[in-house]
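Asker: Build me a model:
(one chain, ligands or ions: 1)
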Amino acid sequence: MKNLDLQEIRKQLDGIDQEMVALFEKRMELCREVAEFKIGTGKPVYDGEREQQKIDSVTGMVEGEFLKQAVRELFTQMMTISRNYQYKQMAENGLKANHSFQPVKNLKLNGVRVVYQGVEGAYSHGAALNYFGNEASLYHVTTWDDAMKEVELGNADYAVLPIENSSAGAVTDNYDLLMKYENYIVAETFLTVNHALLGLPGAEEKDIRTVFSHPQALMQCQEFLNSNRSWKQISVENTAVAAKKVILEGDLSQAAVASETAGELYGLKVLRTQVNTNKNNTTRFIILSREAVYQEEAGKISLSFELPHKSGSLYNILSNFIYNGVNMFMIESRPVPGRNWEYRFFVDIEGNLSHASIQNALKGISEEGRNVRILGNY
Ligand SMILES: O=C(O)C(=O)C[C@]1(C(=O)O)C=C[C@@H](O)C=C1
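Answerer: Here you go, the predicted structure:
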């Protein structure tokens, strides 16, 4: 008996769904006409005011919070699909997302000037050597900000900056610098980072009272460092500066957390190897240029945008990736300076600026987000 009831209900549901699909098709056909109108008049696809009116009107047609919320979600989704349909048509009419990036076969690597932050022996130096080898002329500056400035001024062709570590996460200061300067990410390189505990040639681990390193490196070695409760952990500019400090101050109770290479360079003794918690500790470095170029084979795009402090705003903007079949690798958020509780999002997606799906997604993002910037395709 029950089974029959269910079958009967399902039959009715099928009938309703059929009507809904037919109406949805009609709605999309009208949206196609809207797109034609917008292509003709140059109006943007996204009209936030109209969408709000629509949501207010349809939620007003039902009773009760549950149904109001359901109808809100349903229509938000439908309008998102409608926007994506319209962006697709714009792209087919040659109206692509605006960007000034030029494709190149290969990046210029020979005889270039490359800047990194820190001193010789710092991990950034290792990353620069990793990517550019010995052909380039490498030099260093004191801060990450200075490295970005060198590129902007044209003193360096490229800067090498750490952006993410597999155990400590994002290097947030460098995300902020991506906003401060108009330099572009043209490549990335990965460096396995193994920290050693380094002391004076005459020191033993039992003599140590103070450990110097970069805050990220200290964080990456928390398990080992915290097991020595009496040790004072002191942050300095970078790991190589820590090593230099230990040798210059000549105090047996001081140690540095830095690479073994830095230890050799400054004449320190390895008191313990691999003190990092994660033994696969890897840092991702980005290579920045002032030229907006991308290699034809590039497969990753970094972009940033800001969103208002409003329910669903992130969900809506990310739908531009979903409906274009674009895979997202990473998302990171940073506060927007001067605007409490509003965020700037940094997103890495899979793809190349020449792909139609990417152009569609970027067209949507650039209409719906604020201060949208393509940071690079590499
Ligand atoms: O009315 C429009 O301008 C449309 O493009 C249609 C529509 C919708 O699907 O209802 C889609 C996108 C706009 O942001 C607003 C509304």
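Asker: Relative to the whole chain's centre, how far out is the host helix or strand of residue 363?
Answerer: Residue 363 is part of helix 356-368 when elements are defined by DSSP states H and E. Mean-position distance between helix 356-368 and its chain equals 17 Å (C-alpha atoms, centre = their mean, to the nearest Å).
Asker: give the contact list for the residue of the stretch 51-200 of the chain found nearest the ligand.
Answerer: Going by C-beta to the nearest ligand atom, the ligand is nearest to residue 82 of the stretch 51-200 of the chain, at 3.2 Å. (C-beta placed from N, C-alpha, C; glycine too.) Residue 82 makes contacts with 27, 28, 31, as judged by C-beta atoms under 8 Å, 6 or more residues apart in numbering.
Asker: How about the secondary structure of residue 85?
Answerer: Following DSSP: H, G, I helix; E, B strand; the rest coil, the label given to residue 85 is helix.
Asker: Does it touch residue 28 like I think?
Answerer: Yes - using C-beta atoms under 8 Å, residue 85 is in contact with residue 28, at 6.1 Å.
Asker: Just want to know which of these two has more residues nearby.
Answerer: Counted by other C-beta atoms under 10 Å, residue 85 and residue 28 do not tie: residue 85 has more neighbours, with 17 against 14.
Asker: returning to that earlier point: mind putting the contacts of residue 82 into JSON lines with distance to residue 285?
Answerer: Listed next are these as JSON lines, based on distance: C-beta to C-beta, whole Å:
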{"residue": "27", "distance to residue 285": "48"}
{"residue": "28", "distance to residue 285": "45"}
{"residue": "31", "distance to residue 285": "44"}
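Asker: ok, and of those, which contact the ligand?
Answerer: residue 31 (C-beta under 6 Å from any ligand atom).
Asker: Of the contacts of residue 82, which is the nearest to the ligand?
Answerer: Nearest member of those to the ligand, counting by C-beta to the nearest ligand atom, is residue 31, at 5.4 Å.
Asker: Please spell out which residues along the helix or strand where that closest one lies are buried.
Answerer: Residue 31 belongs to helix 2-41 when assigned by DSSP H and E. Using 16 or more other C-beta atoms under 10 Å as the test for burial, helix 2-41 gives 31, 34, 35, 38, 39.
Asker: check contacts around the last one.
Answerer: Read it as residue 39. Going by C-beta under 8 Å, 6+ apart, residue 39 touches 89, 90, 93, 95.
Asker: Can you tell me how far the nearest residue to the first one once chain neighbours are set aside is from residue 43?
Answerer: Read it as residue 89. Take residue 89 and drop its neighbours on the chain: the residue closest to it by C-beta to C-beta, 6 or more residues apart in numbering is residue 35, 4.4 Å away. Distance from residue 35 to residue 43, counting by C-beta to C-beta, to the nearest Å: 10 Å.
Asker: my guess is residue 86 meets residue 30, correct?
Answerer: No - judged on C-beta under 8 Å, residue 86 makes no contact with residue 30 at a distance of 11.1 Å.
Asker: May I see the buried residues of helix 2-41 organised as TSV, with distance to residue 350 added?
Answerer: Output for the buried residues of helix 2-41, formatted as TSV (distance: C-beta to C-beta, whole Å):
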residue	distance to residue 350
31	28
34	30
35	27
38	29
39	28
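Asker: burial of residue 331, as a residue count?
Answerer: For residue 331, the count of nearby residues is 12 (other C-beta under 10 Å).
Asker: Correct me if wrong: it contacts residue 347.
Answerer: Yes - between residue 331 and residue 347 there is a contact at 5.1 Å, judged by C-beta under 8 Å.
Asker: quick one: low-confidence parts of the protein?
Answerer: The chain contains residues with pLDDT under 70 at 1-4.
Asker: Count residues in the vicinity of the residue nearest to residue 105 when sequence neighbours are not counted, would you?
Answerer: With C-beta to C-beta, 6+ apart as the criterion, residue 105 has its nearest non-adjacent residue at 6.1 Å, and that residue is residue 296. Look at residue 296: counted by other C-beta under 10 Å, it has 10 neighbours.
Asker: and residue 296, what is it in contact with?
Answerer: With C-beta under 8 Å, 6+ apart, residue 296 has these contacts: 103, 104, 105, 352, 354.
Asker: Please list the members of the residues you listed that lie in strands.
Answerer: Among the contacts of residue 296, the members found in strands (DSSP state E) are 103, 104.
Asker: List phi and psi for the spatially closest residue to residue 209 that is not a sequence neighbour.
Answerer: Of all residues not flanking residue 209 in the chain, residue 253 sits nearest, at 4.0 Å (C-beta to C-beta, 6+ apart). For residue 253, the backbone dihedrals (degrees, to the nearest 10) come out as phi -90, psi 0.
Asker: Can you name the helix or strand that residue 218 falls in?
Answerer: Using DSSP H and E, residue 218 falls in helix 215-220.
Asker: And that helix, what's buried?
Answerer: Neighbour-count burial for helix 215-220 [16+ other C-beta under 10 Å]: 216, 217, 218, 219, 220.
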